[in-house]
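S.K.: give me a model of this one.
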Amino acid sequence: MTKNNYYKNTLITSLLFNINAKKPTILMAIMLLGAIAVQSLIQPVNAGFDLKIEIKDDGTLNGGDCSNIGNWNNITKTCKITSNLMVGQFIVIGSNDITLNCDGHVINGSGSLDDGISVISKVGVTIKNCEVTKFKNGIVLDFSNGNILKGNIANGNRDDGIQLYKSNGNTLDDNIANYNKDGIVLDESNGNTLNRNNVNDNNSTGIELDFSINNTLNANIANGNNDGIDFDSSSNNILNGNIANGNNDGIDFDSSSNNILKGNIANWNRDDGIQLSKSYGNTLDDNTVNWNRDDGIVLNFSNGNILKGNIANGNRDEGIELYKSNGNTLDDNSANYNKDGIFIDESNGNTLNGNIANSNNSTGIELDFSSGNTLNGNIANGNNNHGIAGRSSSSNSLNGNNVHYNDNNGIFLRFFNNTNLNGNIANGNGLDGIKLFRSTDITLNGNIANGNGRDQIKLSRSADIILNGNNANG
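M.R.: Here you go, the predicted structure:
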């Protein structure tokens with residue numbers, strides 16, 4: 001006998017034996033019986049209800065539990081959902097080569113600690129057109145290779161919108177993952193391709209790669225997150241044409257090497273546009289990093305990187321900054337309208353070729369406490385302070401640079417030693433064309449300094465200076 005039937009029988013017996021009892025007793029019993037009747041009609045929605053929906057190729061016409069939520073095509077192994085799932089229901093893919101098409105319907109966890117859709121140790125699975133919200137994670141691939149996630153919405157989940165763990169060779173196209181802790185996370189996952197995903201307004205990161213290699217990210221949008229795109233210990237990845245605007249850092253690499261960043265945009269971020277920390281051998285080509293509150297591109301403790309053809313304009317601090325970063329190559333970059341255009345700080349053995357650093361609030365190109373750097377054919381015109389300047393540096397070489405119409409000096413070196421200036425042109429600057437202050441063992445060969453406001457070449461408290469074939473006319 002069930003508990004409810006026991007209570008009902010007890011009540012009926014009580015009524016029979018108290019038929020002559022006072023009216024209040026009878027009235028109370030009738031009210032109790034009515035309450036039991038109502039309670040028997042109103043049961044909790046999920047009482048005795050299994051929230052797990054498993055989609056699998058089980059050799060039947062049902063596709064596991066698919067027939068409970070939609071239609072199963074036994075030929076294509078496709079489950080097409082026909083209505084929103086009940087609150088709290090979640091889906092587990094139980095076989096390889098399954099297609100789950102939610103057809104725009106919603107899977108709502110309402111704060112569930114489960115994952116909305118799980119694919120564990122499966123291959124060849126396609127999940128598309130699903131809207132997954134309010135779970136621990138929206139869509140999860142664990143130890144699963146060669147799967148496709150397309151056109152899904154994974155918003156408002158507690159941890160990750162989409163998570164890949166030790167899952168390789170998957171394709172994520174046109175998904176949306178907003179308002180989660182992280183939008184899309186690849187953890188120890190290799191060879192995946194992410195195309196045209198939108199990951200905005202997440203509390204932590206838009207797209208995060210941890211210990212992941214050989215992935216390709218194309219034309220994804222990661223705006224308004226804490227960090228837009230964040231790589232940690234992830235190498236040999238390719239980023240093409242992604243947008244990371246309005247984050248703290250737009251694109252952030254930590255201990256990540258041999259990656260290629262081409263044609264990405266990282267503007268209006270609250271910190272840096274692109275930041276590399278302890279990262280080696282990366283190539284940054286034709287990226288745009290404008291109007292960031294700190295630096296456009298910054299390299300911290302990062303060696304052997306190549307920066308070519310990047311545009312870093314209008315940043316509040318430096319256009320491009322190298323801090324304790326050695327052996328990098330900067331070719332044909334533009335760094336205009338920043339505080340400083342290009343700032344080399346405690347960084348050695350770098351080469352700057354053909355860069356443009358004009359109209360900055362302070363200096364076009366600055367070298368501080370840096371040695372063994374080479375500057376060839378750069379242009380630093382119209383800056384509010386100096387064209388090229390530096391202090392306390394040695395064994396540098398400045399060749400064929402053009403520094404015109406700066407408010408103060410064209411080239412200004414303080415406490416420099418063992419440095420060569422060859423074939424530079426410094427015309428029309430507000431103070432001196434070329435100025436050395438307390439510098440030693442400096443060679444000036446074939447430089448041109450004409451029409452400057454004060455001196456064409458000025459040697460102040462400097463010794464062991466060699467001048468050969470310079471043209472210095474007022």
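S.K.: please enumerate the helices of the protein.
M.R.: In the chain, the helices defined using DSSP state H lie at 3-17, 23-41, 66-69.
S.K.: these two touch, right, residue 419 and residue 399?
M.R.: No: applying Cβ atoms under 8 Å, one finds residue 419 not in contact with residue 399, separated by 11.2 Å. Any C-beta I mention is one placed from the backbone N, CA and C, and that applies to glycine too.
S.K.: between these two, who's got more neighbours?
M.R.: residue 419 (23 against 17; other Cβ atoms under 10 Å).
S.K.: tell me the contacts of that one?
M.R.: Residues in contact with residue 419, defined by Cβ atoms under 8 Å, 6 or more residues apart in numbering, are 393-398, 413, 439, 441-443.
S.K.: adding distance to residue 106, write those out as JSON lines.
M.R.: Putting the contacts of residue 419 into JSON lines (distance: Cβ to Cβ, whole Å) gives the following:
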{"residue": "393", "distance to residue 106": "61"}
{"residue": "394", "distance to residue 106": "65"}
{"residue": "395", "distance to residue 106": "65"}
{"residue": "396", "distance to residue 106": "62"}
{"residue": "397", "distance to residue 106": "64"}
{"residue": "398", "distance to residue 106": "63"}
{"residue": "413", "distance to residue 106": "66"}
{"residue": "439", "distance to residue 106": "70"}
{"residue": "441", "distance to residue 106": "73"}
{"residue": "442", "distance to residue 106": "71"}
{"residue": "443", "distance to residue 106": "73"}
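S.K.: quick one, which of those residues are buried?
M.R.: 393-398, 413, 439, 441-442 (16 or more other Cβ atoms under 10 Å).
S.K.: distance of the residue nearest the centre of the chain relative to residue 265?
M.R.: Taking Cα atoms, centre = their mean, the centroid of the chain lies closest to residue 229, which sits 0.7 Å from it. Using Cβ to Cβ, to the nearest Å, residue 229 is found at 11 Å from residue 265.
S.K.: kindly report the same for residue 451.
M.R.: Counting by Cβ to Cβ, the gap from residue 451 to residue 265 is 40 Å.
S.K.: quick one: neighbours of residue 357, just the number.
M.R.: For residue 357, using other Cβ under 10 Å, the count is 31.
S.K.: quick check: it vs residue 342, distance?
M.R.: 5 Å.
S.K.: where do the contact lists of the two overlap?
M.R.: What both residue 357 and residue 342 touch, as defined by Cβ under 8 Å, 6+ apart, is the set 319, 335, 364-365.
S.K.: pLDDT, distance to residue 240 and neighbour count added to these, as a markdown table?
M.R.: A markdown table is the format used below for these (pLDDT from 0 to 100; distance: Cβ to Cβ, whole Å; neighbours: other Cβ atoms under 10 Å):
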| residue | pLDDT | distance to residue 240 | neighbour count |
| --- | --- | --- | --- |
| 319 | 98 | 22 | 35 |
| 335 | 99 | 23 | 33 |
| 364 | 98 | 30 | 33 |
| 365 | 99 | 29 | 32 |
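S.K.: start to end distance for stretch 212-219?
M.R.: With Cα to Cα, to the nearest Å as the measure, stretch 212-219 spans 19 Å from end to end.
S.K.: in it, which residues are buried?
M.R.: 212-213, 215, 217-218.
S.K.: wait, which of those residues is closest to residue 197?
M.R.: Nearest to residue 197 among the buried residues of stretch 212-219: residue 217, at 8.5 Å, using Cβ to Cβ.
S.K.: and the closest one, bridged to which residues?
M.R.: Beta bridges link residue 217 to residue 194, residue 239, judged by DSSP bridges.
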